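Enquirer: My questions are about this predicted structure, shown below with the sequence.
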Amino acid sequence: MPDIQTTTAGSLPRTSALMAANAARTVSDDGFTLESTPEFDRLVREAVADVVERQRSAGVTLVGDGEFGKAMSNANDFGAWWSYSFQRVSGLSLTEVNAFTQPAVRSTPGHVRLTSFADRRDRQLFPAAYNDPDSGVATGRTATAFPTTTGPLTYRGQAAVAADIGNLTAALHPGEQGFLTAIAPGSAARVWNEYYATDEEHLWAWADALREEYAAIIDAGLILQLDDPSLAESWDQINPEPSVADYQGFVKARVDALNHAIAGLPRERVRLHLCWGSWHGPHVTDIPIADILPIVLQANVGSLSFEAGNVRHEHEWTVWSEIEVPDDLVLVPGVVSHATNVVEHPDLVAQRIGRFVEAVGPDRVIASTDCGLGGRVHPDIAWAKLEALGEGARRAGSLLPQHVR
């Protein structure tokens, strides 16, 4: 087994056949749920088996299903990782409100008010770039319509998560570990709320509803990755820019809700993914990780996945040598990036891995991608990046002293 373990942040490139089949799915009467068929389910099962084998071949040691079971109708859909949850929770319906163009969170314990996704401060600084289809700045399109919470939130995705679990476990070799992603309460609660009295109640209702999905993944013996871009990304959606203290209150509420949702689940099998949003943009309004890390580290998880390879955040690796990291926390730094078509050299990957090995030791580092590669770079480039990840981890492992290998 390699000395440095490797994984991905979740989303991987879908095949043309899978994207075409997704696009051909019909929408149910609720207006946002994509219907499935036995033929489509078979296609997903076969695609998951293939993507797991391709990860192994590239040198990925902790494999995922590429998020192939989650709703996506084309390769560059905005919110596909998020909007799958709309189909797995009842209490949602379509209204005149569109969460992409209208703010979802209106008040929080930290007195933070979000603007819409379409009114980010990064967009305001670079309007020409964001509005130029040839600029390479892309956010994608919505995979399904954005609903509104209009009733009590309850989980109804039992069959869907069972299919995700079944597809991945069938593709694993005996004794091989795998992971599935699931949206965290803080990111799920960004839909508009017309039912709960406060946004805090809405947030905790999502935590209660999604716990069933989390428990199902854990009960299947898999690693659960909780995706929560809202912890860092939401900073860019607040106008005017808030104080760091107020934003920390916003983050604390989401970490508390996450801890409530995973209470009693084995900490060592829960991984939290933190990012600043995977869209291709300047990201000059991203919050520094140092400003939120003390709050994020209060999450009761065994490992933390975060962006460490893209050019806006690579320099922040020094923070991990300056902050008190829990002794049992495993770091899952991104060492290849979704934000560039340039394929990282394996020696660069090894150098990036080495920074975190030096901070916490090789047994507490799992090298990963910054964020999902599916829909962000061409599939051929994505797989080349994963090969660079695998080879870089091998080279980093070969540099370890013999007594720690």
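Expert: On my side now, so go ahead.
Enquirer: rest of the way, CA atoms for contacts and neighbours
Expert: Noted.
Enquirer: Which pLDDT value belongs to N131?
Expert: Reading off the confidence values, N131 has pLDDT 86.
Enquirer: State the distance from it to S234.
Expert: 21 Å (C-alpha to C-alpha, to the nearest Å).
Enquirer: Give me the more crowded residue out of the two.
Expert: S234 (25 against 12; other C-alpha atoms under 10 Å).
Enquirer: Please name the residues that touch the more buried one.
Expert: L114 (C-alpha atoms under 8 Å, 6 or more residues apart in numbering).
Enquirer: how about it, secondary structure?
Expert: helix (DSSP: H, G, I helix; E, B strand; the rest coil).
Enquirer: how close does it sit to I295?
Expert: Taking C-alpha to C-alpha, one finds S234 at 15 Å from I295.
Enquirer: mind listing the helices for the stretch 51-200 of the chain?
Expert: 80-83, 121-125, 127-131, 158-171, 185-188, 199-219 (DSSP state H, counting those that start in this stretch).
Enquirer: Give me the buried stretch members for the third one, please.
Expert: Think helix 127-131. Applying a neighbour-count criterion of 16 or more other C-alpha atoms under 10 Å, one finds 129-130 buried in helix 127-131.
Enquirer: Can you tell me what sits against that helix?
Expert: Against helix 127-131 from outside (C-alpha under 8 Å, 6+ apart): 123, 135, 137-138, 281.
Enquirer: Can you tell me which of these is nearest D246?
Expert: R123 (22.4 Å; C-alpha to C-alpha).
Enquirer: Excluding chain neighbours, what is closest to the closest one?
Expert: In space, and not counting its chain neighbours, R123 is closest to Y130: 6.3 Å by C-alpha to C-alpha, 6 or more residues apart in numbering.
Enquirer: gap between that neighbour and L94?
Expert: 27 Å.
Enquirer: Low-confidence ranges, the protein, go.
Expert: Scanning the chain for pLDDT under 70 picks out the ranges 1-2, 72-81, 97-113, 115-118, 138-144, 401-405.
Enquirer: give the contact list for the residue nearest the centre of it.
Expert: Nearest residue to the geometric centre of the chain (C-alpha atoms, centre = their mean): D227, 3.8 Å. Counting by C-alpha under 8 Å, 6+ apart, D227 touches 181-184, 187, 272-274.
Enquirer: One more pass at 7 Å, please.
Expert: Counting by C-alpha atoms under 7 Å, 6 or more residues apart in numbering, D227 makes contact with 181-184, 272-274.
Enquirer: Kindly check the end-to-end length of stretch 162-182 for me.
Expert: Stretch 162-182 has an end-to-end distance of 13 Å (C-alpha to C-alpha).
Enquirer: Name the residues that touch it?
Expert: 10, 45, 48-49, 52, 62-65, 69, 217, 222-227.
Enquirer: Need the phi and psi values for R190.
Expert: R190 adopts backbone torsions of phi -80, psi 0, taken as degrees, to the nearest 10.
Enquirer: distance of the residue nearest to the centre of the chain from V48?
Expert: 20 Å.
Enquirer: For the contacts of D227, which entry has the maximal number of neighbours?
Expert: A184 (28 neighbours).
Enquirer: Now do the buried residues in stretch 389-398.
Expert: Buried residues in stretch 389-398, counting neighbours by 16+ other C-alpha under 10 Å, are found at 389-397.
Enquirer: Return the member of these nearest to I323.
Expert: Distances from I323 to these, taken by C-alpha to C-alpha, are shortest for A396, at 23.5 Å.
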